[in-house]
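Visitor: Show me how the following folds:
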Amino acid sequence: MGWSVGEVARFAGVSVRTLHHYDAIGLLEPSGRTYAGHRRYEEKDLDRLQRILFHRELGFPLEEIAVLVDDPDLDPTDRLRRQHHLLTERIEKLRRMAAAVERAMEARRMGINLTPEERFEVFGRDHDWEAYDREAEERWGDTDAWAESRRRSARYTKEDWRRIKAEGDDLNARVAALVAAGTAPDSPEGTDLAEEHRRQICRWFYPCDHALHVNLGDMYVADERFTATYERVREGMAGWLRDAIRANAARRGTTGD
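Guide: Sure, this is the predicted structure:
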């Protein structure tokens, strides 16, 4: 009996016009016709259509699809294996595209109006600043500090972000040097750098008193994303910085300047 062109179009999710076109170019010719000349598709036609639509979804032009589905040396198992390989590649490509779109959305939400090239130029490829923003919003999204951070960030240019990153990198390098030297976090050198860290936040993003700074320090250790950022600079740096921040708060007071 087979299926009519309308039935095939409906359950394959294509238009009747598409099936007519495939027939006209010899890509998918129905196996049968009714006495009135209407197309009738059989099981093997549906199998071929499925392979055609699979390759079309992957972006192959119809000319190449015709070669692929007509390859006499490709047995069904090899065909499935090839489809699996192509799908895996497609999934990975889509995953990367989705991640890129998500990064762009995060940048706009943060008010960082840089081009993709500028973001890579300023932050590098390994700097997960979206993670910082997501975590901060979860914790403090309804606070004045968060609103102030977004307000300031929206005004910053590429040169501003370069300066912010340069200051942060310089401070991290000096913290890492103290860690390497075995300097205690509660030493004057350690608490001075912790205070400088707090003042950088105040200067560039939002008012950060010592109590809030202690919360940030705790997050650097509790959240593996933050820990990894500091551990890439120097092993043990996340915990050392947290302890230095706590010591600095105890030394200077926890209610602000």
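Visitor: what's the weakest-modelled helix or strand in this structure?
Guide: One helix or strand of the chain scores below all others by mean pLDDT, DSSP states H and E: helix 116-123, with a mean of 54.
Visitor: Any regions of the chain where pLDDT drops low?
Guide: Residues of the chain meeting the criterion pLDDT under 70: 1, 72-76, 79-80, 99-143, 145-146, 253-257.
Visitor: can you give me the helices in it?
Guide: With DSSP state H, the ranges of helices along the chain come out as 5-12, 16-24, 43-57, 62-69, 76-110, 116-123, 129-140, 144-153, 158-181, 188-204, 210-222, 224-233, 237-252.
Visitor: Go through these and name the closest to Gly32.
Guide: Ranking those by proximity to Gly32 (Cβ to Cβ) places helix 43-57 first, at 8.9 Å. Just so you know, the C-beta spots here come from the backbone N, C-alpha and C atoms, and that holds for glycine as well.
Visitor: Show the secondary-structure elements that that closest one is packed against.
Guide: When contacts are defined as 3 or more Cβ pairs under 8 Å, 6 or more residues apart in numbering; DSSP states H and E, helix 43-57 packs onto helix 5-12, helix 62-69, helix 76-110.
Visitor: Turn the ones you listed into CSV, including distance to His38.
Guide: As requested, those are arranged in CSV below (distance: least, Cβ to Cβ, whole Å):
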stretch, distance to His38
helix 5-12, 7
helix 62-69, 24
helix 76-110, 30
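Visitor: between those helices, which gets nearest to Arg39?
Guide: When those are compared by Cβ to Cβ, helix 5-12 sits nearest Arg39, at 4.6 Å.
Visitor: So which bits of that closest one are buried?
Guide: Neighbour-count burial for helix 5-12, with 16 or more other Cβ atoms under 10 Å as criterion, is recorded at 5, 8-9, 12.
Visitor: now it and helix 43-57, what's the angle there?
Guide: Relative orientation of helix 5-12 and helix 43-57, computed by axes from the mean of the first three to the mean of the last three Cα atoms, to 10 degrees: 50 degrees.
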